[in-house]
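Visitor: Quick one: sequence plus predicted model below, questions after.
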Amino acid sequence: METTIFYYRQGMPIETGAIIELEDSIKRSPKRLEELSAFDAVIEVETTRLIYHFEKSDMVLGFGETMKGLDKRGSKLVSFCSDEPNHLPSKESLYGAHNFFVILGEKTRGYFIDFPGEILFDVGFEDKNIFNMVIQGVDFDIYEIQGDSLKAVVHKFLSLIGEGYVPPKWGFGYQQCRWSYETADDIRRVAKAMRAADIPCDAIYLDIDYMERFKDFTICDEKFPTFENFVRELRDLDFKLVPIIDAGVKIESGYDVYEEGIRGNHFCVDEKGLPFVAAVWPGLVHFPDFLNDDTRQWFGDKYEVLTRHGIEGFWNDMNEPAIFYTPERLKAFYAHVEKSKEKALDIYSFFELTGEVRGLANSMADYKSFYHRVGDTLVRHDKVHNLYGYNMTRSAYQGLEKIDPDKRFLLFSRASYIGMHRYGGIWMGDNGSWWEHVELTMKMLPALNMCGFMYAGADTGGFQHDADSELMIRWNQLSIFTPLYRNHAAMGTRDQEPYAFDEETTATLRNVIGLRYALIPYLYSSYMKAVKKRVPYSANLIMAYDKDVRVREIEDQLLIGDSLMIAPIYKQNRSGRMVYLPEDMLLWTSSSKEVSNLRVVKQGDRYIDVALEEIALFIRPNQALALGAVADTVGAINAETMTVVGFLCDGIEMSLYDDDGSTKAYKHEQGFDTKIWIKKHGDDIVARMAFCEHHGLMQVKIIVMDGNGVRYEGAVTRETPSISLEKVSWNGK
Ligand code: GLC
């Protein structure tokens, strides 16, 4: 895979830490912006415009977390981390700022605009032939990667930004959340109901109500008496508890985090140099200045308040940072209301008034009214806005690393910037129980992977609004393939746990979640290989089949690892769908982990039946899936037996990665690889397995189908690692 990298520097940019693996020789001699030949640059007083003239065949891929599909051409996107609870098609910003994109046409070029303030990306929106970028600043870096394929360019980018975050293996299990399980008893009920319904589940979440009046690093004693015992009690039932941590620190004298923050000058300041005040869940708060080393260390150390009770995972929230209002804006609003009372409310003053209400939250004027200490200077927040959530999560990661250097903690964030993937994953924020958001999950996942965010997932079932059972099933059937697999629902919505539906739905969800657990050997191996080899875990078909023009428009089928293509159902009342196969594949229509219903589907457009309780898994030629046993939790999975299901054309050569799942040994050790070879020798099909010494695996059942639809089976063991497979059925074709 050939690539060449060019590095341009304009002005004196702030160090974001996004790119960490650029060769020294390139880093030391950046090119000037004028040398960036693909774009015309216009530098103004406070902004920079970059203009690219599209070739007809150009596509634009990437940008991570957006509302858009595979090809961003025709869209307008704004890179500015936003607390955006309404994921509507017209929304230009979400929680993450991911300024990496690839222009794919006659040439293949990737660009990363390393700038932490706002950027408008008009990707042929105003004028379909022009890509117009407006950077709200004159100090930034640009990295250009020219390559011979999309795959090569993305690989190079993933190499530049460094190795991605790896959660503990239990982070691949099913996770149950709700805003909120308010008390210890609520959590106990969920835990018991999960086990009673025989639904695998590894973690239950603590949303904001576990805290004492929403104060970070506190526990409400009334709702969670003897927290440490409670964590232990849940651990004995094999559940992890994952508390939320919000960015804002409540202003309250006597509250240690607040007092320490004031004493240590850890908070962002206003124009007068006083700690900046805004309102979020706890009421009035200060925002820790995460751009500052000392503050990151101080806040990161605080996670110990919870880890000391046995907590092993966290989700960082409201870290765009979200602002409900500031006292000044609220005062101005009240004045406006008072003034409105003086005359009759007409249609214009009414809209003005409602506009004022909406404008209270997350106002740009507020983001322009506070400052960070970067080195010896004060930097206005809006200029570095996109680094806030990133540095909060960096602070948490580094704090947790200090607490236990070798332990993998679960950690993910809502806001993010390129480079944060080294410290944690992300979830896709406050979606809704809409079919459109099932589809959105599928659009975001590969774009996020291109930007390094592989540990990602949506609030399965939808955060806002009520989910119906069909939506629930179809969404879970997609989410079993996302590394972060969490069901989450907002306050006021219906119960959304898998057992909260009718019996038939619960039974279907049990099988769906069970299939996730069965697939863990394959999914975990694929994730780890992606992290280590710097390739996406999940990708659009175009990543692998770039010579096939048909796949340029396919965004509702995804590749998961090397072996699997999925084609989820994301519309209501469907019992099947059209699928485009770039080559022949082996289709397993699964309603449980039992491997029946295998058939070869030929290259081309095919209608595939997928009943509500079924999932369509397409195995690519000469590839295989590995299925393990199902258990209540990832840790309880019996690793002695496995089933390998493959599509045998010429020969399958598969290696499965595994490791201890809990330490960082994967960083310097090989991990354990199990290798499988399945080959045709005339009429004979021979399977050979190299069992890994450290792996508990004793026996592997092998099921393969060849291109003619002939199924072969056999079992290898440590004693007989090499066997001939037997023909078990012939579908008559
Ligand atoms: C935000 C988060 C959501 C959480 C809620 C309450 O909206 O995105 O996941 O449940 O805050 O903490």
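Guide: Here it is on my side, so go on.

Visitor: Report the contact partners of the residue in the chain that the ligand sits nearest to.
Guide: Among the residues of the chain, Trp179 lies closest to the ligand, at 3.5 Å counting by CB to the nearest ligand atom. Every residue, glycine included, has its C-beta placed from N, CA and C. Neighbour list for Trp179: Asp207, Ile208, Asp209, His488, Ala489, Ala490, Met491 [criterion: CB atoms under 8 Å, 6 or more residues apart in numbering].

Visitor: Also Val277?
Guide: So Val277 contacts Ile251, Asp270, Leu284, Val285, His286, Thr326, Pro327 (CB under 8 Å, 6+ apart).

Visitor: Let me know the pLDDT of Asn731.
Guide: With respect to pLDDT, Asn731 scores 53.

Visitor: circling back to that earlier point, so what does the residue of the chain closest to the ligand have for phi and psi?
Guide: phi -100, psi 100 (degrees, to the nearest 10).

Visitor: Could you measure from Phe575 over to Met442?
Guide: Not Phe; residue 575 is Ser. Per CB to CB, to the nearest Å, Ser575 is found 19 Å from Met442.

Visitor: ok so, going back, out of the contacts of Val277, who has the most neighbours?
Guide: Counting neighbours by other CB atoms under 10 Å, Val285 comes out on top of the contacts of Val277 with 29 neighbours.

Visitor: check contacts around the residue lying closest to that one once chain neighbours are set aside.
Guide: With sequence-adjacent residues excluded and distances taken as CB to CB, 6 or more residues apart in numbering, Val285 is closest to Gly248, at 3.1 Å. Listed by CB under 8 Å, 6+ apart, the contact set of Gly248 reads Asp216, Ala278, Val280, Trp281, Pro282, Val285, His286, Phe287, Met318, Pro321.

Visitor: now do 6 Å
Guide: Residues near Gly248 by CB atoms under 6 Å, 6 or more residues apart in numbering: Val280, Val285, Phe287.

Visitor: Strands - which of the residues you listed land there?
Guide: Val280, Val285 (DSSP state E).

Visitor: export the contacts of Gly248 to TSV and tack on distance to Asn129?
Guide: Below are the contacts of Gly248 laid out as TSV (distance: CB to CB, whole Å):
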residue	distance to Asn129
Val280	43
Val285	46
Phe287	42
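
Visitor: helix/strand/coil for Ala715?
Guide: strand (DSSP: H, G, I helix; E, B strand; the rest coil).

Visitor: So what sits opposite it in the bridge?
Guide: Lys701 (DSSP bridges).

Visitor: any idea how far it lies from Arg486?
Guide: Counting by CB to CB, the gap from Ala715 to Arg486 is 35 Å.

Visitor: Give me the more crowded residue out of the two.
Guide: Arg486 (23 against 15).

Visitor: Now the more buried one: phi and psi?
Guide: phi -130, psi 130.

Visitor: can you tell me which residues contact it?
Guide: Arg486 neighbours (CB under 6 Å, 6+ apart): Gln175, Cys177, Gly457.

Visitor: For these, please prepare TSV with the additional fields pLDDT and distance to the ligand.
Guide: Conversion of the contacts of Arg486 to TSV gives the following (pLDDT from 0 to 100; distance: CB to the nearest ligand atom, whole Å):
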residue	pLDDT	distance to the ligand
Gln175	99	13
Cys177	98	7
Gly457	98	12
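
Visitor: what about this structure, any weak spots by pLDDT?
Guide: Counting by pLDDT under 70, the chain shows low-confidence ranges at 730-733.

Visitor: biggest helix in it, by residue count?
Guide: Longest helix of the chain, by residue count under DSSP state H: helix 503-533.

Visitor: What residues of that one count as buried?
Guide: Neighbour counts over helix 503-533 (16 or more other CB atoms under 10 Å) mark 505-506, 508-532 as buried.

Visitor: Then stretch 542-552?
Guide: Buried, per 16+ other CB under 10 Å, within stretch 542-552: Ile542, Met543, Ala544, Tyr545, Val551, Arg552.

Visitor: Could you do stretch 413-421 as well?
Guide: So for stretch 413-421, counting by 16+ other CB under 10 Å, buried means Ser413, Arg414, Ala415, Ser416, Tyr417, Ile418, Gly419, Met420, His421.

Visitor: residues in contact with that stretch?
Guide: Under CB under 6 Å, 6+ apart, the answer for stretch 413-421 is 17-18, 81, 95-98, 161, 164-165, 316-317, 319-320, 386-387, 389-390, 393, 424, 426, 429, 451-453.

Visitor: How far does it stretch from one end to the other?
Guide: One end of stretch 413-421 sits 10 Å from the other (CA to CA, to the nearest Å).

Visitor: same deal with stretch 608-617?
Guide: Termini of stretch 608-617 sit 11 Å apart (CA to CA).

Visitor: Ser575 and Met442: which has the busier surroundings?
Guide: Taking other CB under 10 Å, Ser575 and Met442 do not tie; Met442 has more neighbours (24 against 10).

Visitor: hang on, the more buried one in a strand?
Guide: No - counting by three-state DSSP, Met442 falls outside a strand, being helix.

Visitor: so what's Leu306 up against?
Guide: Pro243.

Visitor: neighbours around His694, how many?
Guide: Neighbourhood size, His694 [other CB under 10 Å]: 15.

Visitor: do the same with the one 4 residues further on
Guide: Met698 is flanked by 15 other residues according to other CB under 10 Å.

Visitor: now do Trp434
Guide: 15.

Visitor: distance of it from Lys571?
Guide: From Trp434 to Lys571 the distance is 11 Å (CB to CB).

Visitor: near the ligand, which residues of the stretch 301-450 of the chain?
Guide: With CB under 6 Å from any ligand atom as the criterion, the stretch 301-450 of the chain comes near the ligand at residues Asp317, Arg414, Gly429, Asp430.

Visitor: out of the residues you listed, who has the most neighbours?
Guide: Counting by other CB under 10 Å, top hit in those: Arg414 with 28 neighbours.

Visitor: ok, which residues in this protein are in contact with the ligand?
Guide: Trp179, Asp207, Ile208, Ile244, Asp317, Arg414, Gly429, Asp430, His488.

Visitor: which of these sit farthest apart?
Guide: Ile208 and Gly429 (15.5 Å; CB to CB).
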